[in-house]
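Trainee: the following block contains a protein sequence and its predicted model.
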Amino acid sequence: MAVPKRKMSRSNTRSRRSQWKGKLPQINKVVRNGRVEYVVPHRTDEDGRYNDRQVLDV
């Protein structure tokens, strides 16, 4: 495990943390049975399976 050689100042720590920004997931708008649904895209097969698990009801 990496260990810092010197203590990082509080102002440097806070300025570094303030630069980090998370990204919102991309949301797709899908119309199913006349209803609008917002879903997060998955990498699925044609039958709605991802990593040998059933993810989507297709």
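Mentor: Arrived safely. Every value quoted in this text rests on a predicted model; they were computed, and no experiment measured them.
Trainee: ok, and the closest non-adjacent residue to the most centrally placed residue in the chain?
Mentor: What sits nearest the mean C-alpha location of the chain, by C-alpha atoms, centre = their mean, is Pro25, with 5.2 Å. Closest residue to Pro25 apart from its sequence neighbours, by C-beta to C-beta, 6 or more residues apart in numbering: Val40 at 5.1 Å. C-betas here are computed from N, CA, C, even on glycine.
Trainee: and the one you found, how far from Lys29?
Mentor: Between Val40 and Lys29 the distance is 12 Å, computed by C-beta to C-beta, to the nearest Å.
Trainee: I'd assumed the residue nearest to the centre of the chain was in a strand, is it?
Mentor: No. Going by DSSP: H, G, I helix; E, B strand; the rest coil, the assignment for Pro25 is coil, not a strand.
Trainee: what ranges do the helices span in this protein?
Mentor: Assigned by DSSP state H, the chain shows helices spanning 10-18.
Trainee: in it, which segments are predicted with low confidence?
Mentor: By pLDDT under 70, the low-scoring segments of the chain are 42, 58.
Trainee: any idea how far the residue nearest to the centre of the chain is from Val55?
Mentor: 15 Å.
Trainee: could you do Asp45 as well?
Mentor: 9 Å.
Trainee: who's more crowded, those two?
Mentor: Legend: neighbour count by other C-beta atoms under 10 Å for Asp45 and Val55, higher for Val55 (14 against 11).
Trainee: mind checking how far the more buried one is from Met1?
Mentor: 35 Å.
Trainee: go on, Asp52?
Mentor: Separation of Asp52 from Met1 (C-beta to C-beta): 34 Å.
Trainee: which of those two has more neighbours?
Mentor: Ranked by neighbour count (other C-beta under 10 Å), Asp52 and Met1 place Asp52 first, with 6 against 2.
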